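Peer 1: Sequence and computational prediction follow.
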Amino acid sequence: MANTSAEAFAPATVANLGVGFDILGLALQEPGDTVRAERRTEPGAVIARIEGDGGRLPLDPTKNTACVAARETLKLLGAAQGVALTIHKDLPLASGLGSSAASAVAAAVAVNALFGSPLTCEELLPACIEGEAAVSGYHADNVAPCLFGGVVLVAGTTAEQIFRLPIPDRLHLALVTPDVAVPTAMARAVLPKTVELHDMVLQTAAVARLLNALHRGDVADMAAAMELDTVIEPARAHLMPLLPEIRAAAKQAGALGVVISGAGPTLCAVCDSQPTAQAVAGVMEYIYRNAGIPATARQTRISAEGARVLRVD
Ligand code: HSE
């Protein structure tokens, strides 16, 4: 008998890793979004309910990232029937944690599972990118790690251009999200249109150093390389409240480096142990709260797995 519903989880992601603007990203173990897809006889994708977004996400199927990804997945499946989606948002919106990518990926994985999971992650990638593009443009540095898991190099938007990188054993992350919305479009609008040759050389060297550190499992050098961004962070820093103060305090507490997560305002601290990450998360949250800015901090690790099916009924 055909399945009637399927539910999938897709994790938060940290895009860019500092120096790797639009080409590097990693998947976190938590938090993430959950999408349930229920079979309906009418074709296409509609939204049954959205929970946890405070009423801020569009219900219009053409503007909702999960709905667009579900619709594209149905096309890939050649399905005559459609789906109704229930989206549970655990990720804050416009926070630099890949919220729109997580909803798109969870929807695509849930719809695929509903129809017996005939498509591979590689085959689902275009549907997820299409969903993400409905809200934040054609880039895969959130979608790809979310779908495949781990640390990924995103050299383009097709599956052949996505490369899994090693995950250092000792890598622990502390993240802090101040209660300030920084929409991706706004954070992209402040970027320079051209880059000096000198900066291009520095940025390229920093990315190469980061890849080398990942392959050697050297968390300290990884963190140092991530912080060498001379192009993106200087242009966006004014959108991230207390960035210098958070960086200084996190390092004082043992962090090896702090970068903007994706387009921000979440900040990501690289640490080499769980107790350090725990302490750094606490210190970063304290700095914001002490300045009157509500903030949520967490410590987590990389998810090697990425999105996953939770249940099929
Ligand atoms: N690479 C993107 C950016 C990630 O920094 O603008 C945001 O979705």
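Peer 2: Nice, I can see it. Numbering: from 1, shown residues only.
Peer 1: Now do whatever helix or strand Ala37 lives in: distance to the chain's middle.
Peer 2: Counting by DSSP states H and E, the element that carries Ala37 is strand 24-40. Here strand 24-40 shows a centroid-to-chain-centroid distance of 10 Å under the convention CA atoms, centre = their mean, to the nearest Å.
Peer 1: same thing with stretch 185-202?
Peer 2: The gap between the average C-alpha position of stretch 185-202 and the chain average comes to 21 Å, counting by CA atoms, centre = their mean.
Peer 1: could you give the mean pLDDT of that stretch?
Peer 2: Stretch 185-202 shows a mean pLDDT of 95 in the predicted model.
Peer 1: Show me this structure divided up by domain.
Peer 2: 5-165, 172-300 (automatic domain parsing).
Peer 1: Need the winner for burial among the ones you listed.
Peer 2: When you average the neighbours per residue for each of those (mean count of other CB atoms under 10 Å), domain 5-165 leads with a mean of 22. Any C-beta I mention is one placed from the backbone N, CA and C, and that applies to glycine too.
Peer 1: Strands of the stretch 101-250 of the chain, residue ranges please.
Peer 2: 151-154, 162-165, 172-178 (DSSP state E, counting those that start in this stretch).
Peer 1: Grab the CA positions of stretch 296-313 and hand them over as CSV.
Peer 2: Only the C-alpha atoms of stretch 296-313 are listed here, as CSV (Å, rounded to 0.1, in the frame of the first residue of the first chain):
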residue,chain,number,x,y,z
THR,A,296,20.6,32.5,21.9
ALA,A,297,23.9,30.5,22.1
ARG,A,298,24.5,26.8,21.5
GLN,A,299,27.4,24.5,21.2
THR,A,300,27.3,21.7,18.7
ARG,A,301,29.3,19.6,16.3
ILE,A,302,29.3,18.8,12.6
SER,A,303,26.6,16.4,11.3
ALA,A,304,28.3,14.0,8.9
GLU,A,305,24.9,12.8,7.8
GLY,A,306,23.0,16.0,6.9
ALA,A,307,19.2,15.7,6.2
ARG,A,308,17.5,12.5,7.2
VAL,A,309,14.1,10.8,7.0
LEU,A,310,12.4,10.7,10.5
ARG,A,311,9.4,8.5,9.7
VAL,A,312,7.3,7.2,6.8
ASP,A,313,3.7,6.1,7.4
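Peer 1: and that stretch, what's its mean pLDDT?
Peer 2: When pLDDT is averaged over stretch 296-313, the result is 97.
Peer 1: buried ones in that stretch?
Peer 2: By neighbour count on 16 or more other CB atoms under 10 Å, the buried set for stretch 296-313 is Thr296, Ala297, Arg298, Gln299, Thr300, Ile302, Ser303, Gly306, Ala307, Val309, Val312.
Peer 1: if you look at the residues you listed, which of them are in strands?
Peer 2: When strands are assigned by DSSP state E, the members of the buried residues of stretch 296-313 inside them are Thr296, Ala297, Arg298, Gln299, Thr300, Val309, Val312.
Peer 1: Leu114: which of these is nearest?
Peer 2: Sorting those by distance to Leu114 puts Val312 at the head of the list, at 7.1 Å, by CB to CB.
Peer 1: which ones are touching the closest one?
Peer 2: Applying CB atoms under 8 Å, 6 or more residues apart in numbering, one finds that Val312 lies in contact with Asn3, Ser5, Ala6, Glu7, Ala113, Leu114.
Peer 1: which element is the spatially closest residue to it that is not a sequence neighbour on?
Peer 2: Nearest residue to Val312, sequence neighbours excluded (CB to CB, 6 or more residues apart in numbering): Ala6, at 4.5 Å. Under DSSP H and E, the secondary-structure element containing Ala6 is strand 5-15.
Peer 1: and that strand, anywhere near the ligand?
Peer 2: Yes: if you take CB under 6 Å from any ligand atom as the test, strand 5-15 does meet the ligand, through Ala15.
Peer 1: for the ligand, what are the nearby residues on this structure?
Peer 2: Selection of the chain residues close to the ligand by CB under 6 Å from any ligand atom yields 15-16, 21-22, 136, 139, 141-142, 184, 187-188, 262-263.
Peer 1: The stretch 1-150 of the chain: helices as residue ranges?
Peer 2: Under the criterion DSSP state H, counting those that start in this stretch, the stretch 1-150 of the chain contains helices at 65-77, 99-114, 121-136, 143-148.
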